[in-house]
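1. Sequence first, predicted model second:
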Amino acid sequence: MSEHPDRLWRNPEPRSGYDVVIVGGGGHGLATAYYLAANHGIRNVAVLEKGWLAGGNMARNTTIIRSNYLWDESAAIYEHALKLWEGLSAELDYDILFSQRGVLNLAHTLQDVREGTRRVNANRLNGVDAEWLDPDEVQKFCPVVNTSPDVRYPVLGATLQPRAGIAKHDHVAWAFARKADELGVDLIQGCEVTGFLKQGNKVVGVETNLGPIRAGRVGMAAAGHSSVLASLADVRLPVQSHPLQALVSELLEPVHPCVVMSNHVHVYVSQAHKGELVMGAGIDPYNSYAQRGSVHVIEQQMAAALELFPIFARAHVLRTWGGIVDVTPDASPIIGPTPVDELFVNCGWGTGGFKATPASGWTYAHTLATGKAHPLNEPFALERFTTGALIDEHGAAAVAH
Amino acid sequence: MLLIPCPWCGDRDETEFHYGGQAGVPYPERPADLSDEDWGRYLFVRDNPKGRFEERWSHSAGCRRWFSIVRDTVSNEIVR
Amino acid sequence: MRLPEGGRIDRTKPLRFTVDDIEYTGCAGDTLASAMIANGLLEVAPSAYRQRPRGIFAAGVDEPNALVQLDDPMQLATTTELVDGLAAILLSGKGRLIDTPDPTRYDKRNVHCDVLVVGGGPAGVAAALTAGRTGARVILADEQNELGGGLLTENRLLDWLADAVDELDALDETRILTGTTAFGYYDQNFVALAEKHRLWHVRAKRVVLATGAHERPLVFVDNDLPGIMLSSAVRQYVNRYAALPGENIVVATTNDAAYGTAFDLATRVSTIVDSRPEPPRELVRRAQELGIEVLAGAHVQQALGTRRIGGVRVGDRQIACDLLAVSGGWSPAVHLFSQSQGKIRYDERVAAFVADKSVQEQHIVGAANAVYDLAGCLREGFRAGLEAAKRTGFDGSLPEAPYAATETVAPPTPVWFVDGPEDRQFVDLQRDATVADVRRATGAGMRSVEHVKRYTTIGTAHDQGKTAGFAAIGVITQLLGAEAPQGTTTYRPPYTPVSFALLAGRDRGELHDPVRMTPMHDWHVRNGALFENVGQWKRPWYYPRPGEDRKTAVLRECRAARTSVAVMDASTLGKIDIQGPDAGEFLNRMYTNAFAKLKVGHCRYGLLCRPDGMVFDDGVVMRVAENRFLATTTTGNAAAVLDWFEEWSQTEWPDLKVWFTSVTEQWATIAVVGPQARTVLSIVAPDVDCSAESFEFMTFRDVRLADGTPARIARVSFSGELAFEINVDGRHGAEVWNAVMATGLPTPYGTETMHVLRAEKGYVIVGQDTDGTVTPQDLGMEWIVSPRKDFVGKRSYRRPDAVRPDRKQLVGLLPVDPEDLLPEGAQLIAPDTSLAQPVPMLGHVTSSYHSAALERTFALALVKGGRQLIGQTVLAPLRDRTIAATVTEPIFYDPEGTRRDG
């Protein structure tokens, strides 16, 4: 299994039509294409990417993978993802550097403790590994966390998902892309969808800067740009796009063994394979497509990080960046049909898309192949915003994922 | 760090403000008469344009007044 | 070697320092790198991945090799100011965090100015001069500890520079920040500057970017050997620091600039290798006059040597040298320009990406604008400074420029890489990434420079590609057979690394988040309270007596409230003063129940919901006067509720005349709870008739306490006991609390006891028994939802999901074993449920306590179709055991309310 295979993808010209066209060559689009080909034998597929493959949130996230979500529906789909992650390097024949080093979600208030306990109990019954750690156990698991009782918001405990961890985002994208390409999927970069070809209420293809491309079905997987894309088909989505910033430090000798997240003080941090600290901030509050945010968000995040990890004080920020996250009212994704026939949507992953990549692709491929939702994505249909059957993961998602 | 023009206090840093999303979405006159679809749209669906966006801000650390501006969501230029 | 004279160092001030524990001596004015070179120390730690020998390569922020560990995990020797006692450890790409606390206090300053000039080279100084002379507020920031930039490297116009600095120093409205790097350029001309221990937030009306340019390396076989150095760096070490990095020098260039280096070091330079077939004649002539051979249309194919360069191969010639000064052309430092959203384009003429179009209020001048001759830099600087000042309302004129010989800069001829082993032609020295790596990426199908960067890691190291970035683009362009470079990777803040501590500033430790304390806080501390963080507030949690654990203390506190009298500091509850003729109507629209007709002097409990119908907050509202209410909120939601009211009144119903003021901290509130509450009142407020007949439940009155203190006493109860809340001006809070305690009767209690008492009565805590997915109906509170009026959220109760029969409902739970305490957060399942995962769950325990009054444990829970399950058993499967409990009505104590009404 090689980390850097010699062949990744062809760079084909688009053909005149495909059985399925996926708009958006990010992690989810690529995974969807792979599973369409691998699970459903549908290989006459194009992935259209207006920039470079996996150059959006896939290239910008902090690579945390976990499945310890509160609600049954979320736990089911994220746990399916985690199980896929566990076999992904082998399946895709590409080392994605999946490191199951454990994710701690810290509790700083009594209410955090109650919510953490609730989540641990729910996770266990849902088949998701979860433990509750007291502050001493937190200290043992992650010695650099400040568990002193004398800080502003002392650590009162933490949930731990031992199977959770991080992976190398680029490798994941390239692994899916490489396999999809190998199975016959056309990955077309620099191809921007500018409109939809419709017959009545049915989508039959897309207009692009490279010309029209016909399609039996069209699956949107455009993350932060989902609203803009869907509006081309006159579909309005309950999604708002916000900047989400992250940063890395210089390379450091190993100091931080796991992933630590704290919703209360808005920090999540891990140390990547090479040695850089990778850290995410809270969402910038305003709508934006700018892929950058405000510096005070970073400053607040640093202050919070140093409360938790005093040893990081002398580390340096090498690079900050921003992604565009598509946020839904209940912090849960939307995967399923749209009011337009043969047009499907997969969006709204907010800050949590990376960890879902394989399951998002798996269920979306099923949906695109059969025209019907997979049981795992059925609860995540658009219509929940009419019925009110939301899957409110604000507690679990909060800033962080 | 946006510089936001409060109509009452002048230009101030973004940190003094609270964001309120799309402007001009009124509370329905008679919510009881709305279908579930329409009520769901009122609750959850807002414009999300790439480009000019009329949005609400509240000068929460200042005069505490709500107001609307038009901002470009790509350049962050505040148009009016 | 240190040259005997010249340079801007102070030879009278020797400084001792160590590198890898070996002692050396440098001079004041040195950088660590210049001092190392002066000591003959050119080689640094081997490369990170291939362990190849590496040497100091640059003289500034673009250094890829000379990484050192100080207290900081990673610094550049080239930008580290030498101080006495400095102890540096050479690093191979990876630093180490030390866990001794950093005693430094970091700070931030927020400033506004008319003109911010970034960069103190000739163009920047010129801009600051013309802008400063107009009287505009000017800030001139430069990353180096001395203004001058390239002038110091080139030893030019130093007299003019000295005069200019003196004049700038003397201008009242001009501030010079040396040693200060502008690292982030954000929206609306917000620029972040990093001084050593101070972070500057500058909001500028205009910005002049005079950020200079970075010299590019050359890519050839073994181009990473120690002794290969950027030509401008060689020149800087010699001219500025009198530190000579080599005795026998070859210069390899694609452009004019390196000739200056050769001329300054003439006696030690044997050869100039120029890629251009026809270098400018004037330069060639001058080189020949100085005895330097010029090889035109040639380039270095390979560096020779093992630990240090010993020569170069040019075609079939070998030329001996101990230093190779390279110049692969120049890349304007458009980092900040690009961060500011400025658009860049590839300019064939200078073979570089250059500024194209500004988005913000700014100018870009000098080398940053690809203007490389000194006269041109000065001209642009003067003009931009004046123009910037004029745009901000000041006026002035252009000065006469100092004499600088007019130079024409001939176009470069780039060489991207050479024939020869590609895995020894380094593109990114710090990442050990070579032409072979780039070829592998493009061969695998990658076309985008972003992909290649990620695949090869070029440009992701400490220097963020300041030297490697363009070299990589050139290699990609050539490998793909493209005509011109297609684009760069995105420039992101920070321009140079910024420490976490600097960004955090003072926002740490005690200043991390303000602590809010009630007026009675000191009493609580003195009396042994343990505290709970609720929002920013410190609330007494419970008051353990010596030897008591939490359970014992809380049971004692509860018993006191139920059997005698107990008091709680309730000052943290949010309080909003609501005034205006339409206040009643407004509250009617916000709360689920009606307030318009509440009588003056009366109180009513109210529930607030979001438009989606979910419970958001609750509290008691008093009608103080016809046009005035006082609403209380939960402690954690006080600000959110005020925001909520203001948002609805201002944005939806501006026609309603109603205004809001937070008065949370204006009032101190003491809840006196228990059967003997009246006894306490009779002492503290002897003039108040608190008999049941005279002082009805859910009324309040404004009175004077025994010592004359004005107070508002409300007869409300969150415990189910007879209770009075004494509200006084916050300034009197402590003394009134003392007066209450001085009666000798009450037991103080904290939030934990409050939670138990209210749970025994089935009163919910918003945020604990609700989680944003719970309606009033789910809580069994239909009684508070008005069927007659509309209110925010009402429409949502008709949505299909809101009328599902299996919604989760609030119920009580009594563990079958009365000693068993259900953990809060325990999940519940039906008795016959299979434990095969996923296990279908009914709901979860929201609150759970030992009850003194019930002499057993009890809990509240949200359970699917819970009201239908009353009387039945549910199970809470825990890690090591399962607790069975009976579902009950969510009220356990005095269901008739006789005690409260007593």
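-> Yep, it's here.
2. Could you check how far residue C:174 is from residue C:113?
-> 9 Å (CB to CB, to the nearest Å). In this view, the C-beta of every residue, glycine as well, is placed from N, C-alpha and C.
3. Then residue A:168?
-> Per CB to CB, residue A:168 is found 44 Å from residue C:113.
4. Who has more neighbours out of these two?
-> Shown here are residue A:168 and residue C:113; by other CB atoms under 10 Å in any protein chain shown, residue C:113 has more neighbours (24 against 21).
5. I'd like the secondary structure assignment at the more buried one, please.
-> strand (DSSP: H, G, I helix; E, B strand; the rest coil).
6. Assess the claim that it and residue C:206 are in contact.
-> No - counting by CB atoms under 8 Å, residue C:206 is not a contact partner of residue C:113; they are 9.0 Å apart.
7. shared neighbours of those two, which are they?
-> Common neighbours of residue C:113 and residue C:206, using CB atoms under 8 Å, 6 or more residues apart in numbering or on different chains, do not exist here.
8. which one is the residue nearest the centre of chain A nearest to, not counting chain neighbours?
-> Nearest to the mean C-alpha position of chain A, by CA atoms, centre = their mean, lies residue A:353 at 1.5 Å. Leaving aside its sequence neighbours, residue A:353 sits nearest to residue A:57 (CB to CB, 6 or more residues apart in numbering or on different chains; 5.8 Å).
9. Identify the bridge partners of residue C:567.
-> On the basis of DSSP bridges, residue C:567 is bridged to residue C:672, residue C:748.
10. what comes up buried for the longest helix along chain A?
-> Counting by DSSP state H, the longest helix found in chain A is helix A:72-92. Buried residues in helix A:72-92, counted by 16 or more other CB atoms under 10 Å in any protein chain shown: A:72-82, A:84-85, A:88-89, A:92.
11. same thing with stretch A:219-236?
-> For stretch A:219-236, a neighbour-count test (16+ other CB under 10 Å) marks A:219-230, A:233, A:235-236 as buried.
12. Enumerate every residue touching the residue nearest to residue A:353.
-> With contact set as CB under 8 Å, 6+ apart, residue A:57 has these partners: A:26-27, A:223-224, A:323-325, A:353-354.
13. Equivalent analysis for residue A:287, please.
-> A:240-242, B:21, B:48, B:53, B:55, B:73.
14. Check what pLDDT it gets.
-> With respect to pLDDT, residue A:287 scores 97.
15. sorry, back to before: which member of the contacts of residue A:57 is positioned nearest chain C?
-> Chain C lies nearest to residue A:323 out of the contacts of residue A:57, by CB to the nearest CB, at 12.0 Å.
16. Would you agree the closest one is in contact with residue A:241?
-> No - under the criterion of CB under 8 Å, residue A:323 makes no contact with residue A:241, lying 9.9 Å away.
17. what residues are shared contacts of those two?
-> Common neighbours of residue A:323 and residue A:241, counting by CB under 8 Å, 6+ apart, are residue A:224.
18. Show me which positions of stretch C:318-337 end up buried.
-> So, applying 16+ other CB under 10 Å, buried residues of stretch C:318-337: C:319, C:321-337.
19. Tell me, how many residues neighbour the residue of the stretch 301-401 of chain A found nearest chain B?
-> At 4.0 Å from chain B, residue A:386 is the closest residue in the stretch 301-401 of chain A, using CB to the nearest CB. For residue A:386, the neighbour count with other CB under 10 Å is 20.
20. From the contact counts, what lies against the helix or strand hosting it?
-> Using DSSP states H and E, the element containing residue A:386 is helix A:384-387. Packed against helix A:384-387 by the contact rule (3 or more CB pairs under 8 Å, 6 or more residues apart in numbering or on different chains; DSSP states H and E) you find helix B:36-44.
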